[in-house]
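Peer 1: Based on what follows, work out the 3D shape:
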Amino acid sequence: MFLSLRSRTRLLLSLIALVTVIGGCLAVVAITPASVRAAPAASSNHVFLNCVTVRLCTDVAESDEAFGQYVGHDEPSNLFYSNTPGSGNQMRWLLKLPSDPPTEADGMPKSSKQSFNFQLHPAFWFGMAMCDTQSDPNPGRVGCPRDSNSNIFDNPDPNAPDSISKHPGTAFMEMQFYPPGWASLPFPATSCDATKWCAALNIDSLSRDPINGTVLNSTCQAITGEEYVNFAFITKNGHPQAPVNPVQSTLATFTPDPNKDLFMNSGDLLAVTMRDTEDGLRIDIQDRTTGQHGFMVTSAGNSFGQVKYAPAPSTECTNIPYNFHPMYSTSTPHTRVPWAAHSYNIAFSDEIGHFDYCTGSTAIPPSQFGVSCPAGDNEGVSGDREPTDGEDNFCFPASQSTLVQVPGCTGTNAGFDGVSYKPLWPDGNTNHPTPIQFSSPLTGENYNQNYSRSAFETDLPALEASCTITSANDPGCTLIPVTDDGTPADFYPYYSTRVREEQCLWQLGGALPDSNLFGKNAQYGTLLPQVHLIFGGMGAAHILYPDFNQTIHNPCQLQV
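Peer 2: As a prediction, this is how the structure comes out:
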C-alpha cells in the first residue's frame, strides 16, 4: 500500500474504482466493468479488493514487473524462527490493542502535537505462509503438501533438486487489525467504528507464472485482480457474512457488521490462536478483557477459493473452492513466500505511511470523498507544512472523521514526510497513542514452546527510489528513508521490549521508557540476499536485496 518515490510520476492509476460510504467508513474497492461483469464467474454486484488501488496487500518483490508500476507498502516487521515441528502452522500470540489520547468533547484534538493510531497505521497483522496451487511460482503444476518442509525449494540453480523453480504455489495470510478513527480510510472497513477495533483474515495470492512468463488473462484480472485476496472478517459465529473469494465477493464482504463481527475496545488484551485443521487454518480471537470470542476457518465451506490459473488467450475466470492450509512445518529463513518482498513466514508487521494532513483555505466538500488535496492548500504536520503535491490522494474533510476532527489524505505518503515519519509514535508522551504490545508466539500442542530466534526486518530498500535492490552494497539503500526534500525522514519506528508483570512484550514506536531499544533503527541490520525467479526465465533465478534484516536470539520469550 505504500508507493515508492520511483513511482511519483505514476500516482494516478487508470483503474476503475468505487468510493462508497458503508457502515460509518469509506471503502475504496474495484468494481468490474459492465463488459466484464457479465462473465459467468462474477455476479452483477461483484466487488473485489484491488491490490493496485487499495494497497493493503502482500508486497510483491518486483512489483514494477508484475504490475507495470511500483505497488507496495512500508512494513517494519518482527519475524520469529523455530525448528520445532508445528511452529510454522500452530501458535498463540498475546496482543494488547493500543489506545489513543483523548480529544475535546467536540472531537477536536486537544493539541496540534497529538497523534492517533489511524494516522500511524491503517492496519497491523500477524502472518503465515499458505499453500495455493494456483498461485506463483507454479500455478496449476505442482502440489502442496500441507504443514510440510518438503515445500522448501530455494536454490537459485534451475537444475538443482531443490531449485526454487520447483516451489509450490504460495499465498500469504495476514490476520489484520483495524483501528477506530476515520470514516475515510481507502480500504473496505479499515475503520470499522468510531471507537471500536475489528479484524479480518486476508489471504493474498499472485496469479502469475514467472517460469513461463505468463499472467492471468485480462478478463479475469478485471474480476479478481492479478494479486487476488480472500477476505473475511472475524465473526462471532465463525461464518463469513458474504462470499470470501475474489470471484464471488460483494460489497457485503467488505462491509463491517457490528451484529456479526467481533468488535474490540482499545486497551483490550487478546489471545490470537492459529492452528491448522482438516478444513483449513482456524484463527480464534479471545478477548480476555470482555470475554468475547470470534473465529474464522479458511475452508471451502466458508467460500474460500482459488482463482483458476488461466492465461491468455483464455478468458475463463473460475473460483475453485479450496481449503487453505499452512505451507510449512517450521518457521525459518527458508520458509518464505517466493514472490513476496519480505522474507517471512511467522511474523508480526505494521502497515505505515498512509496519512498526511490537508490544510488551508480551501475546504474539501463533505460530498466529495476521495478527492486530491486542493491546489493552494498544504500537506504536512504543524511546523512542517508545504504545498500539496501529487501524492495527496484520498483526501477528506474533518467533518467525515469519526474519532477526531482532522482533515487529511490517506493515500500513499511517497515523500516520507507524513505522520508515520515524524516523532509522533508511542514514546511515553501522553499526546501520542500507547504502543501496540504483543508477545512472542508460543507453539507446541499446548502452546508452551517458545521460538528460539527473532529478526527485525523492513522492506525500505524496495520502497526507496535511490535503492536498486540488486546490490548488497548499494549506498542508496538507507535505514532512514529520504524525503521528497532530499533529506532523511525525521523518524522511522523501531521495536523494543518491556517486561511487565514478569512477562516480556514487544512494542513498536519510539524511545519508550524502561524498554530495550535494540539500537533503535540500527536494529534492522543489513541488506538481506533473497533468491527470486526471473520472470519468463524458464526457471532461472537471481539474487535481490529488497529488505534490511537482522536475526538475533529471541530476547522476549514468554514464561510458560
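
Peer 1: I'd guess residue 150 is in a strand, am I close?
Peer 2: No - membership of residue 150 in a strand is not supported by DSSP: H, G, I helix; E, B strand; the rest coil, which gives helix.

Peer 1: Number of residues surrounding it?
Peer 2: 11 (other C-beta atoms under 10 Å). To be clear about C-beta, it is placed using only N, CA and C from the backbone, and glycine gets the same treatment.

Peer 1: Give the rounded mean pLDDT of the helix or strand where residue 92 lies.
Peer 2: For residue 92, the host element (DSSP states H and E) is strand 90-96. For strand 90-96, mean pLDDT rounds to 98.

Peer 1: Next: stretch 375-384.
Peer 2: 88.

Peer 1: Next, residue 118: secondary structure please.
Peer 2: Under three-state DSSP, residue 118 comes out as helix.

Peer 1: Find the nearest non-adjacent residue to it, please.
Peer 2: residue 181 (3.1 Å; C-beta to C-beta, 6 or more residues apart in numbering).

Peer 1: Distance from the strand holding residue 92 to the middle of the chain?
Peer 2: 18 Å (C-alpha atoms, centre = their mean, to the nearest Å).

Peer 1: Grab the CA positions of that strand and hand them over as CSV.
Peer 2: Coordinates of each C-alpha in strand 90-96 appear next as CSV, following Å, rounded to 0.1, in the frame of the first residue of the first chain:
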residue,chain,number,x,y,z
GLN,A,90,0.3,-23.6,15.1
MET,A,91,0.9,-20.8,17.5
ARG,A,92,-0.7,-18.4,20.0
TRP,A,93,0.0,-14.7,20.4
LEU,A,94,-1.0,-12.3,23.1
LEU,A,95,-1.9,-8.8,21.9
LYS,A,96,-2.8,-5.6,23.7
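
Peer 1: just use 3 as the starting number from now, easier for me
Peer 2: Yes, from this point I'll number from 3; that puts the last item at strand 92-98.

Peer 1: List the contacts of that strand.
Peer 2: 128, 179, 269-278, 348, 350, 438-441, 443-447, 449, 507, 560 (C-beta atoms under 8 Å, 6 or more residues apart in numbering).

Peer 1: Please spell out the segments of the stretch 103-252 of the chain that come in under the pLDDT threshold.
Peer 2: 184-193 (pLDDT under 70).

Peer 1: Give me the number of neighbouring residues for residue 107.
Peer 2: Neighbour tally, residue 107, other C-beta under 10 Å: 6.

Peer 1: Tell me how far it lies from residue 114.
Peer 2: 18 Å (C-beta to C-beta, to the nearest Å).

Peer 1: for residue 257, same thing?
Peer 2: 34 Å.

Peer 1: Between these two, which has more neighbouring residues?
Peer 2: residue 257 (20 against 11).

Peer 1: Pull up the gap between that one and residue 285, please.
Peer 2: Taken as C-beta to C-beta, the span from residue 257 to residue 285 is 20 Å.

Peer 1: got it, and residue 241?
Peer 2: For residue 241 relative to residue 285 (C-beta to C-beta), the value is 14 Å.

Peer 1: more neighbours, these two?
Peer 2: Between residue 241 and residue 285, residue 285 has the larger neighbour count (other C-beta under 10 Å), namely 22 against 14.

Peer 1: Heading C-terminal from the host helix or strand of residue 506, find the next helix or strand.
Peer 2: Per DSSP H and E, residue 506 falls inside strand 505-511. Next along the chain after strand 505-511, taking DSSP H and E as the criterion, comes strand 528-535.

Peer 1: Could I get the average pLDDT for that next one?
Peer 2: Rounded mean pLDDT across strand 528-535 is 97.

Peer 1: Tell me the strands beside it, with direction?
Peer 2: In the sheet, strand 528-535 lines up against strand 543-555 (antiparallel) (DSSP bridges).

Peer 1: Pretty sure residue 316 sits against residue 219.
Peer 2: Yes - contact criterion C-beta atoms under 8 Å: residue 316 and residue 219 qualify, at 5.1 Å.

Peer 1: higher neighbour count, these two?
Peer 2: Neighbours per residue, other C-beta under 10 Å: of residue 316 and residue 219, the larger number sits with residue 219, 18 against 14.

Peer 1: shouldn't the more buried one be in contact with residue 312?
Peer 2: Yes - using C-beta under 8 Å, residue 219 is in contact with residue 312, at 5.6 Å.

Peer 1: Now the common contact residues for those two.
Peer 2: Contacts common to residue 219 and residue 312, judged by C-beta under 8 Å, 6+ apart, are 318-319.

Peer 1: Buried residues of stretch 546-559, list them for me.
Peer 2: 546-552, 556, 558-559 (16 or more other C-beta atoms under 10 Å).

Peer 1: same thing with stretch 95-102?
Peer 2: 95-100, 102.

Peer 1: For residue 175, state which of those is nearest.
Peer 2: residue 95 (13.5 Å; C-beta to C-beta).

Peer 1: Tell me the bridge partners for the closest one.
Peer 2: Taking DSSP bridges as the rule, residue 95 bridges to residue 274.

Peer 1: and the gap between it and residue 440?
Peer 2: Taking C-beta to C-beta, one finds residue 95 at 6 Å from residue 440.

Peer 1: Are there residues contacting both of those two? Which ones?
Peer 2: residue 350.

Peer 1: tell me how far whichever helix in the chain runs longest is from the chain's mean position?
Peer 2: With DSSP state H setting the assignment, residue counts place helix 220-226 as the longest helix in the chain. Its chain's C-alpha centre and that of helix 220-226 lie 22 Å apart, by C-alpha atoms, centre = their mean.

Peer 1: I'd like the next helix or strand past that helix.
Peer 2: Next in sequence after helix 220-226, counting helices and strands by DSSP H and E, comes strand 229-235.

Peer 1: Which neighbouring elements make contact with that next one?
Peer 2: helix 53-56, strand 198-208 (3 or more C-beta pairs under 8 Å, 6 or more residues apart in numbering; DSSP states H and E).

Peer 1: which residue ranges form the helices in this protein?
Peer 2: Here the chain has its helices, by DSSP H, at 36-39, 53-56, 65-69, 119-122, 220-226, 462-465.

Peer 1: Residue 244 is in contact with residue 258, isn't it?
Peer 2: No - judged on C-beta under 8 Å, residue 244 makes no contact with residue 258 at a distance of 11.4 Å.

Peer 1: More neighbours: which of the two?
Peer 2: residue 258 (24 against 18).

Peer 1: The more buried one touches residue 234, doesn't it?
Peer 2: No - assessed by C-beta under 8 Å, residue 258 is found out of contact with residue 234, at 11.9 Å.

Peer 1: for the stretch 353-502 of the chain, what are the low-confidence residue spans?
Peer 2: 363-372, 403.

Peer 1: how about the strands in it?
Peer 2: Using DSSP state E, counting those that start in this stretch, the strands found in the stretch 353-502 of the chain span residues 358-361, 380-381, 388-389, 397-398, 410-411, 439-440, 444-445, 451-452, 455-460, 496-502.

Peer 1: circling back to that earlier point, now the angle between strand 496-502 and the strand holding residue 94, please.
Peer 2: 80 degrees (axes from the mean of the first three to the mean of the last three C-alpha atoms, to 10 degrees).

Peer 1: what's the angle from strand 92-98 to strand 198-208?
Peer 2: 140 degrees.

Peer 1: What residues are bridge-paired with residue 545?
Peer 2: Bridge pairing for residue 545 - DSSP bridges - gives residue 533.

Peer 1: ok, now which ones touch it?
Peer 2: Contacts of residue 545 (C-beta under 8 Å, 6+ apart): 158, 531-534.

Peer 1: How much space separates the nearest residue to residue 328 once chain neighbours are set aside from residue 339?
Peer 2: Sequence neighbours aside, residue 91 is the residue nearest to residue 328 in space, at 3.5 Å (criterion: C-beta to C-beta, 6+ apart). Going from residue 91 to residue 339 by C-beta to C-beta gives 15 Å.
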